[in-house]
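> model this:
(one chain, ligands or ions: 1)
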Amino acid sequence: MAIARLTEDEAAAFLARAPRWRRSADGLAFEVELKFADFAAAWGFMTRIALVAERMDHHPEWSNVYNRVSIRLTTHDAGGLSARDIALADAIEAAL
Ligand SMILES: C[C@H](O)[C@H](O)[C@H]1CNC2=NC(N)=NC(=O)C2=N1
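Take a look at the predicted model:
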């Protein structure tokens, strides 16, 4: 399914209002590194976001090491960033 990619202005506008996030080196994703109090807090956060992501039908690429969670958001169906990545990033921010 083809989904519209963000314009550079749209991507920049998101990054301007979401200081935790950065553009990936390949330009195809937004990334963030989150640190929690401990593993239970990190895993609990991932569990909450997993349910949100499933509801949105938009899924993060992510990994966890103890209290850290690394997240990369990109839209496979767009070959890069789309509004879905901003929507999921906003949901992640709201859950922090
Ligand atoms: C069929 C299903 O809607 C698609 O495969 C969805 C599922 N989750 C997804 N997640 C992400 N990150 N990108 C996608 O393009 C995507 N597509």
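> hang on, Ala4 packs against Asp85?
No - look at Ala4 against Asp85 with CB atoms under 8 Å: they stay out of range, at 11.8 Å. (C-beta placed from N, C-alpha, C; glycine too.)
> ok, the two, which is more surrounded?
Comparing Ala4 with Asp85 by other CB atoms under 10 Å, the one with more neighbours is Asp85, at 25 against 12.
> name all residues that make contact with the more buried one.
Listed by CB atoms under 8 Å, 6 or more residues apart in numbering, the contact set of Asp85 reads Leu6, Ala29, Phe30, His58, Leu73, Thr74, Thr75.
> the longest helix seen in the chain and the ligand, are they touching?
Ordering each helix of the chain by length in residues (DSSP state H) puts helix 39-56 first. No - contact between helix 39-56 and the ligand is absent, the nearest approach being 7.7 Å (criterion: CB under 6 Å from any ligand atom).
> contacts for that helix?
Contact with helix 39-56 is made by 34, 36, 59-60, 62, 64, 66-69, 84, 87-88, 91-92, 95-96, as judged by CB under 8 Å, 6+ apart.
> just the buried residues of these.
Leu34, Phe36, Pro60, Trp62, Asn64, Val69, Arg84, Leu88, Ala91, Ile92 (16 or more other CB atoms under 10 Å).
> show me the residues you listed that map onto strands.
Leu34, Trp62, Asn64, Val69 (DSSP state E).
> need the contact list for the second one.
It refers to Trp62. Counting by CB under 8 Å, 6+ apart, Trp62 touches Met46, Val69, Ser70, Ile71, Arg72.
> near the ligand, which residues of the chain? Just list them.
So far as CB under 6 Å from any ligand atom goes, the chain lies against the ligand at Asp57, His58, His59, Thr74, Thr75, His76, Asp77.
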